[in-house]
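Enquirer: structure of the sequence below:
(chains A and B)
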2 protein chains.
Amino acid sequence: MRHAAHCLHFATWLLLTRQNPQPEDRNPVDIQELRTRNPDHWMRATAIRALALDAVAAANSGHSGMPIGMADVATVLFSKHLKFDAAQPEWADRDRFILSAGHGSMLLYALLYLCGDPEITLEQVKNFRQLGAKTAGHPENFLAKAIETTTGPLGQGIANSVGFAIAEESLRARFGRKLIDHHTYVIAGDGCLMEGISHEAIGLAGRLELGHLIVFWDNNDITIDGKVSLSDRTDQVARFKASGWHVQEIDGHDPEAIDAAIDAAKKTGQPSMIACKSHIALGHAAQDTSKGHGALTNDDQNNAAKEAWGWTSAPFDIPAEVKSWWEKAGSRGAADRAEWETRLADMSAARQAEFTRVMTGEAPKKLSAVIKALKKQVSETAPKVATRKASEMALEVINPVMPETLGGSADLTGSNNTLTGDLGVFDTDNRKGRYIYYGIREHGMASAMNGMALHGGVRPYGGTFMAFTDYARPAMRLAALMQTPTVFVMTHDSIGLGEDGPTHQPVEHLAISRATPNTLVFRPADTVETAEAWEIALRQTGTPSVMSLTRQGLPTVRLEHKNANLTEKGAYVLADAEGKRQAILMATGSEVSIAMAARDLLQAEGIGTRVVSMPCWELFEAQDESYRRRVLPGGPVRVAVEAAVSFGWDRWLFGERGKRDKGAFVGMPGFGASAPAEELFKHFGITAEAVAEKVKGML
Amino acid sequence: MRHAAHCLHFATWLLLTRQNPQPEDRNPVDIQELRTRNPDHWMRATAIRALALDAVAAANSGHSGMPIGMADVATVLFSKHLKFDAAQPEWADRDRFILSAGHGSMLLYALLYLCGDPEITLEQVKNFRQLGAKTAGHPENFLAKAIETTTGPLGQGIANSVGFAIAEESLRARFGRKLIDHHTYVIAGDGCLMEGISHEAIGLAGRLELGHLIVFWDNNDITIDGKVSLSDRTDQVARFKASGWHVQEIDGHDPEAIDAAIDAAKKTGQPSMIACKSHIALGHAAQDTSKGHGALTNDDQNNAAKEAWGWTSAPFDIPAEVKSWWEKAGSRGAADRAEWETRLADMSAARQAEFTRVMTGEAPKKLSAVIKALKKQVSETAPKVATRKASEMALEVINPVMPETLGGSADLTGSNNTLTGDLGVFDTDNRKGRYIYYGIREHGMASAMNGMALHGGVRPYGGTFMAFTDYARPAMRLAALMQTPTVFVMTHDSIGLGEDGPTHQPVEHLAISRATPNTLVFRPADTVETAEAWEIALRQTGTPSVMSLTRQGLPTVRLEHKNANLTEKGAYVLADAEGKRQAILMATGSEVSIAMAARDLLQAEGIGTRVVSMPCWELFEAQDESYRRRVLPGGPVRVAVEAAVSFGWDRWLFGERGKRDKGAFVGMPGFGASAPAEELFKHFGITAEAVAEKVKGML
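Expert: Coordinates of the predicted model:
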């Protein structure tokens, strides 16, 4: 009876909300009613609540309220729906669970510990947020196998999840349902949904009809600054529907409703959003307040909350029957997984090997051969092409031997040269297609690519203009932090873009990418270096790559074929001085041919000049000092040429730290301008003559 | 009759679209019908079309189709609604027109030339996209007075416009309707609406009920890669409604419908979106295709288009009666403006002076005095506070003497310390409020702030975490390019943030900000430097500032009060060596006190050590070389300390370019970790002991 009344009340509330999307206070919640309605469920969910409360209090920092509020949803999901085997977190066909609201990390750690994850032990939970613990402040994918992705920067998880779901569809199409058939579940908060990236993610998922993607919205009406209505009154239900999602609205504390909603979500062919009306910090003095968002560390209040919950165990202590129930939930998938292993073993050896190869991210053996062949052909024919075109030429030989690549562009396909002949378009009626029209969604694309790379089995690359590195930045940083080998194809990489002007001309974006840890930034000088860069990028398993490519045509500078990948060293002597070595010119990308022309001018005047091509600073930095000194010996004057700001170049202009060399820079003083490219290079003084003059001025 | 049939057809189409948001082909369009329906309007609008077609063809680059498609909307807007006086583009109470779809720049240039703008002459139109022209590839606000904002990076214009509308509301509340009462009009394309930032902008505008904001959506169904449906099927009408907007759907080629829709939009109290069904490259062979998006340069096709339009004039030639009609449209507002001038002149001298001061962006005279007083007090009391708290202390004295400040935070008010006592909240019922709850919208906030600064009359500052510089990046770059003095308050600026871990710990963001041209990056060491940095930031009229502020408490290092603003030099000697100068320690922000402690250790061993505080590299770089050499003389070894990556520090470690000095860096090797802050500083070796050891190792 009470239950029926509650439902009726809830239905009325839903109706009111939809008619009048104004802020409203949460319904008062009757904890006693929740406890007695389904006592078994309550205690299992409350195990999560208690662990979150205890761990945050012990760390004296973190976020207690979200795990407490979403414990019911998580309990139903993990015990009845999520396909996983806690003992084997790397099972390829597991369902993926993504905590987009990453600040609620204790929800994930509590679940993993309760389910018997081998890495997230009770000791780890007790060490929440301490140095060296796997239970970091926000979930970090590189700290434990069961953590699918790093979240915390809001909106990233939900955008990653679109990539997870694309990867699943793609692999299902390629390897069949027997090997790949799983769901991606996400818990997202108001913060995730307010961030712009969520719009890109939701639009893309809706367009691609990613039916295996299910998002729970923790609709708790609270942000850090106060009620959501302080800053937002968006009708999220209408918004998701507008992008083609299946949407349900439920009471997030009603286990039957949660169960039924997940069942319904699995049955639709659309991505699904389940709006879960929830109470942040349920049962705590801070319930339904922004205080409840953060760390609840008041002992008296915490004890009172536990009393309200009916939780009598000591801190970090879980009653044996509850723990045992959870462990059963965590091993529910063991039999499924064993059957899956059998199915895998039943496949042909070649197919098994291929599946294993792509899931581990190993490049195919043929990659090296096709790159070498392309290099040889190019060195012989010496085409004058833009490096974006060179990149397409590389992809034309790579894509056929790497069936795991998934290419795409943020609505600049013809400019980024990312689509090769045989890819086919990934679409609702062609999940085998390997090219994704991401739309004007640089950020969503980058984050989805990270999700694909994290899912495994596919190799994402995607293009936009180098200047729009800015739009993709949060996801590019996360690729580096998460150690995903995402490849960002960034074309139109300087004033060489020409007339579109300074908004579209990167000048600081090489510096931005180079300043980011664990990122390989390639700025190849010609087709040979471009092919070499692609080979290196595709061999990475833990590092993203940025391909900085020109719009404008460039001559081939690597005219002598070498099997060795010279770009692997990061920098190398492209042309040595004739006669006494008086100057070293360093350059990247489109400026290497300018340096070569400057060398001609200088040599004509008898000034022995070496040209060093530096396609990848990070790889050069990784060489031993003796190699670096051989390439950049002390003594000669040095001039660096790059159509970008000088920021960062002092590292090379002055040689090994603490050593003396005279250096100067030829590049951009600031933002570019709108004009034909050749005029701009002259206007900004990035010419062979200017470089030669700079050298002579220093000699 | 034909008209009625057209309308009926259109209504049916609308109905179908709403019921079934699937891609559909454009209705066939009858140019002849459009020409004859309203021939006068047609020729006036077609003047825009012809100029766009001619200018793009002459430049052999650019975007022809959008100006052609939106010419009807623009003609009605500029001739019947937009309040402006073309001769006086800086009139404070003009309506603002923002071309968010900035690639269609010829639409704007054509309008300005036709209306008689003094800067955008026919000569400029003919020089479209050429070096030195005001008619750059994308509209650049710094090239002509009538260009309100720089657009091109998609979504920025619509997000700027939210700031324009906030500024208008705020100034209207402060100075009254007699002085400020205008609208902000925007033309946005599918690209703008697909970008994530549009979600943030739309949500914020809806929440704040910015009734003077009117957005035209150029609903042409085309993106660069093809039909919009290739990548998106979002029901934009439902989406805007979900965020509280007033929405209308019209035929974008029907002048009566356009006129009526603008009338209706002006009457609502909500922000308004007018979905204008349009044909890109109307009447051209490329109509309704993605080819129509770009440069239409085929002479035969262009001539055929002009024939279809009934346009017989020579290239760039506008029939006298058409030009004269447009000039009348451009001077419609002259009388209004004159009356407005009278109203301004009728106000008290003090009020006039204040209005003029805030509109020109001049800081108040009192600013210097309150900053000096705060500095004195702080030097005397030497508090140990975080610089985010110091920033609040500065704002507490600044906000009362600068009534034009508009503060805010992206849902981190209590963490960013951006709200001071007397601001009040800017809300639907309090337009005098000076604090904006931006919600979890870093990008939208940054872009809105740029819009406010561009509008003038208000001084925006807003906060988030320094790591989320990433989210705000595209707008931060545009602030620099557009020369807007936006202040970005970026707190929690290192591993000093502690337990939230690497996602929230900036390491490369100082480098990113410093690599950006025309940006002042302040990393103050204590409350004195923080106050000085604020004073400098608020005196800027053409440069944005980034305030990099700590979470953790810092001792006061400026213990001796000086009236002079030492931060203005960018770097200065904080403590000189006692005895022979053997080492120079350079540091910023939280590491200055570490450097001071290292100096104590070194001096105790008789090693004369100077400490240089470097709160702003850009200002130091701007000093003459002799000052820089006085601060950083050659000879002593140098150690830089900063809890960030070393990228960029070589500039100072090796002294003036080409001069020899020995240098070393103490900082972050890469990403941070999750742990209490003090432990992290020890873990990563950023300690006084480590600095002292580094010095001794080099001596």
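Enquirer: OK, contacts around A:Arg172?
Expert: Applying CB atoms under 8 Å, 6 or more residues apart in numbering or on different chains to A:Arg172 gives the contacts A:Ile180, A:Asp181, A:Arg431. C-beta here means a position set from N, CA and C on the backbone, and glycine is covered the same way.
Enquirer: who's in contact with the residue in the stretch 51-200 of chain A that chain B sits nearest to?
Expert: Nearest to chain B in the stretch 51-200 of chain A, going by CB to the nearest CB, is A:Gly196, at a distance of 2.6 Å. Applying CB under 8 Å, 6+ apart, one finds that A:Gly196 lies in contact with A:Gly155, A:His443, B:Glu195, B:Gly196, B:Ile197, B:Ser198, B:His199, B:Glu200, B:Arg441, B:His443, B:Gly444.
Enquirer: low pLDDT regions in the stretch 401-550 of chain A?
Expert: Applying pLDDT under 70 to the stretch 401-550 of chain A picks out no residues at all.
Enquirer: what's the closest non-adjacent residue to the residue in it positioned nearest to chain B?
Expert: Across the stretch 401-550 of chain A, the shortest distance to chain B (CB to the nearest CB) belongs to A:Gly439, at 3.1 Å. Excluding the flanking residues, the one nearest A:Gly439 by CB to CB, 6 or more residues apart in numbering or on different chains is B:Ser231, at 3.1 Å.
Enquirer: for the helix or strand hosting A:Arg35, what is the average pLDDT?
Expert: Taking DSSP states H and E as the definition, A:Arg35 sits inside helix A:31-37. The predicted model gives helix A:31-37 an average pLDDT of 95.
Enquirer: what of stretch A:628-636?
Expert: In this model, stretch A:628-636 has a mean pLDDT of 92.
Enquirer: do stretch A:371-388 as well
Expert: 98.
Enquirer: tell me how far it lies from the chain's centre.
Expert: Relative to its chain's centre, stretch A:371-388 lies at 31 Å (CA atoms, centre = their mean, to the nearest Å).
Enquirer: for the helix or strand containing A:Ala71, buried residues please.
Expert: Assigned by DSSP H and E, A:Ala71 falls within helix A:65-76. Neighbour-count burial for helix A:65-76 flags A:Gly65, A:Met66, A:Pro67, A:Ile68, A:Gly69, A:Met70, A:Ala71, A:Asp72, A:Val73, A:Ala74, A:Thr75, A:Val76 (criterion: 16 or more other CB atoms under 10 Å in any protein chain shown).
Enquirer: picking up where we left off before, show me what the helix holding A:Arg35 is packed up against.
Expert: Helix A:31-37 sits against helix A:2-19, helix A:299-309, with contacts defined as 3 or more CB pairs under 8 Å, 6 or more residues apart in numbering or on different chains; DSSP states H and E.
Enquirer: what's the least confident stretch among those helices?
Expert: Of all the helices and strands packed on helix A:31-37, the minimum mean pLDDT falls on helix A:2-19 (a mean of 42).
Enquirer: tell me the residues of the stretch 551-699 of chain A that contact chain B?
Expert: The stretch 551-699 of chain A comes close to chain B at residues A:645, A:647-648, A:650-651, A:653-654, A:657-658, A:660, A:662-664, A:669-671, A:673-676, A:679-680, A:683, A:698, as judged by CB under 8 Å from any CB of the partner chain.
Enquirer: so of those, which ones are in strands?
Expert: Mapping those onto strands (DSSP state E) picks out A:Gly663, A:Ala664.
Enquirer: could you check how far the closest residue to A:His293 other than its chain neighbours is from A:Ala286?
Expert: Setting aside the residues directly before and after it, A:His293 is nearest to A:Gly65 in space (CB to CB, 6+ apart), at 5.2 Å. A:Gly65 sits 7 Å away from A:Ala286, taking CB to CB, to the nearest Å as the criterion.
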